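[1] Sequence first, then the predicted structure, then my questions.
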Amino acid sequence: MATTSNTEDDALAAFRAGARNWLEANIPDHAAPLDGPESRRYVLDWQRKMYDGGWAGLTWPSEFGGRSLPVAQQIIWFEEYARAGAPSTHNASFVGVNHAGPTIIACGSDAQKAFHLPRILSGEAIWCQGFSEPGSGSDLASLRTQGRVEGDEIIIDGQKIWSSYADIADYQELLIRTEPGSERHRGITWVICPMNLPGITVRPIETMAGPAKFCEVFYDQVRLPIDQAVVGGLNNGWKTAMATLGFERGTASLALQIGLVDKIERLARDCTDPMLAPRLADLLADAAALRAMSYSFALASETGTPGSEGSLIRLYFAELAKRASDAAIDLYGIGSPALAGDHGWAFEYLDAFSETIAGGTAEIQRNIIGERVLGLPRGKS
């Protein structure tokens, strides 16, 4: 981090001590359920506890209930969060806090802000994401879910897939095509969709890791009022969606990145096998690189919108997570208690494969890096 004065150093040290003390006193005494209604209650209770303690919405502007903390303090919070073993931030509250909330702050109406933002921050509502579709995956410009405009309503028909926690969510950030005959980036609209409306069917999908946190969602003549649902204007959803994905590929995942670095450092401390030591040393070096990239990107984004460089970190993190869990299995051995349970390394190994899909597949990230960061010619579609 940037050089600071003694006064600033003292302030950061005091902030770290406050974060550490609060986390040690308040982290739940049992691990989070991985799916279903119990996971909903757990996540909302934890979000509410952070809200009551003044630790929710650290990145949100203060006028919307957040703390507007500078990145240096955000980094300290996430370091202490990982150190304390607090619940994963990549849970059912992630979309609301890191996607929908910031998008409504940037593009929503006053009424949308007044209604939704307090509910997200205080642990009253869970959001899911409705972007990917069967046959289009990470290629959002090819989406086909239709939103037919009739008077002051939009009538939705179609299907979404890989919508994490849709079975326990209250609202969905949903991309639909509202301009007849439009193609690619044109004619898309970003809408707020309550998940209890008639015509919505949710089917959970069980992953190879065990939990059914992913879902497919079907829409059959689902009616939304335009004034309440549309964020950023009709047919202007691509621009809105890109802002949302910018958060996911950049600063929103800072907690995950710091958490992975912490896990790798713990693996290295546990390693006593000279045959595995070089492998753990490589992982430690890569973890240090991830931390440096993450901190640099976070600090740079403090003065501007997250850029395409976030895809470098997203891809690097996903590949490193797979390698770390693979090394952990070899380090501890198949019969080790460290591998057992919903949060053991065996689960981490299987779940890590989804990291190369979430937020845009590894292939999509490489395309973004090649075209937007390196300036390479655009590939053929």
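    Now that the structure is in, tell me what you want to look at. All values derive from a computational prediction rather than experimental measurement. Numbers count the residues shown, from 1 in each chain.
[2] for this structure, what helix or strand is lowest in average pLDDT?
    Here the helix or strand of the chain ranked lowest by mean pLDDT, DSSP states H and E is helix 237-249, holding a mean of 69.
[3] Buried ones in the helix or strand following that one, by neighbour count?
    Where DSSP states H and E defines the elements, the next helix or strand beyond helix 237-249 is helix 254-270. Buried residues in helix 254-270, counting neighbours by 16 or more other CB atoms under 10 Å, are found at 254-265, 267-268. For glycine as for every other residue, the C-beta is placed from the backbone atoms N, C-alpha and C.
[4] want to try JSON lines for these, with pLDDT as columns?
    Output for those, formatted as JSON lines (pLDDT from 0 to 100):
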{"residue": "Leu254", "pLDDT": "80"}
{"residue": "Ala255", "pLDDT": "82"}
{"residue": "Leu256", "pLDDT": "83"}
{"residue": "Gln257", "pLDDT": "88"}
{"residue": "Ile258", "pLDDT": "90"}
{"residue": "Gly259", "pLDDT": "89"}
{"residue": "Leu260", "pLDDT": "91"}
{"residue": "Val261", "pLDDT": "92"}
{"residue": "Asp262", "pLDDT": "91"}
{"residue": "Lys263", "pLDDT": "93"}
{"residue": "Ile264", "pLDDT": "94"}
{"residue": "Glu265", "pLDDT": "94"}
{"residue": "Leu267", "pLDDT": "94"}
{"residue": "Ala268", "pLDDT": "93"}
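[5] Looking at the residues you listed, which is nearest Pro211?
    Leu256 (17.1 Å; CB to CB).
[6] Number of residues surrounding the spatially closest residue to that closest one that is not a sequence neighbour?
    For Leu256, ignoring the flanking residues on the chain, the nearest one in space by CB to CB, 6 or more residues apart in numbering is His90 at 5.6 Å. By other CB atoms under 10 Å, the residues close to His90 number 17.
[7] residues contacting Lys113?
    Phe64, Ile104, Ile105 (CB atoms under 8 Å, 6 or more residues apart in numbering).
[8] try 10 Å this time
    With contact set as CB atoms under 10 Å, 6 or more residues apart in numbering, Lys113 has these partners: Glu63, Phe64, Gly101, Ile104, Ile105, Cys107.
[9] Torsion angles phi and psi at Gly233?
    Gly233 has phi and psi values of phi 100, psi 150 when expressed as degrees, to the nearest 10.
[10] so Phe15 touches Gly54, yeah?
    No: applying CB atoms under 10 Å, one finds Phe15 not in contact with Gly54, separated by 11.8 Å.
[11] which of those two has more neighbours?
    For Phe15 and Gly54, the more surrounded residue by other CB under 10 Å is Phe15, and the numbers stand at 16 against 11.
[12] Can I take it that the more buried one is in a helix?
    Yes: under DSSP: H, G, I helix; E, B strand; the rest coil, Phe15 sits within a helix.
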